[in-house]
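In: This is a predicted model, with the sequence first.
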Amino acid sequence: MEAPGVAAAAQAREAAARIAPLVRSAVPDTLAGCRAAIDAVDAALATLLEHRVALAGRVQRLKPVGGHAGRDPQREAAIIAAMAERAPSVPPESLARIVTAIIEAGLDAAERDRSDEPPVWRL
Ligand SMILES: O=C(O)C(=O)C[C@]1(C(=O)O)C=C[C@@H](O)C=C1
């Protein structure tokens, strides 16, 4: 059986390949064009969210105390700070609310689904 890191790298490549065509940097100049571009970005966000939830669920099973009980405020602050660098137009308080909601959604999902399945793409 291959090492876990090999499977994770293959999964990351698959994620990049699925998401790259959905995100284009050109800004359309029509309402329909902008909405189509937004729909594509939302599709990419949802794809990433699904993958993040699977990974965060896996982390909960690897920690001595998982789920909401094992929250790590320092790690959450580091995640928010790293994302803030990539999203300078979003005020820090807004970004913190968004990221916290994402983290909590992952913890909720992990507490609903306690199976030992590794993270997989469910598209
Ligand atoms: O990194 C961890 O320890 C996790 O449990 C993952 C995660 C996350 O979703 O990124 C979730 C909860 C913790 O408070 C911090 C981060």
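Out: Structure's in. What do you need? Residues are numbered from 1 along each chain as shown.

In: For the rest of this, base every contact and every neighbour count on C-alpha atoms.
Out: Will do.

In: what's the burial count for Ala20?
Out: Residues near Ala20, counting by other CA atoms under 10 Å, number 10.

In: State the distance from it to Leu45.
Out: According to CA to CA, to the nearest Å, Ala20 and Leu45 sit 12 Å apart.

In: cool, and Pro73?
Out: Going from Pro73 to Leu45 by CA to CA gives 24 Å.

In: Can you pick out the residue with more neighbours from these two?
Out: A side-by-side neighbour count of Pro73 and Leu45, using other CA under 10 Å, places Leu45 first with 15 against 9.

In: Look at Pro64 and give its secondary structure.
Out: The three-state label given to Pro64 by DSSP: H, G, I helix; E, B strand; the rest coil is coil.

In: Report pLDDT for it.
Out: What the model reports as pLDDT for Pro64 is 95.

In: tell me the phi and psi of it?
Out: Taking degrees, to the nearest 10, you get phi -60, psi -40 for the backbone angles of Pro64.

In: got it, and Val65?
Out: phi -130, psi 110.

In: Pull the number of nearby residues for it.
Out: Neighbourhood size, Val65 [other CA under 10 Å]: 11.

In: Next: Asp39.
Out: Asp39, neighbours per other CA under 10 Å, totals 14.

In: Would you check how far apart it and Leu48 are?
Out: On the measure of CA to CA, Asp39 and Leu48 end up 14 Å apart.

In: Repeat that for Met83.
Out: For Met83 relative to Leu48 (CA to CA), the value is 14 Å.
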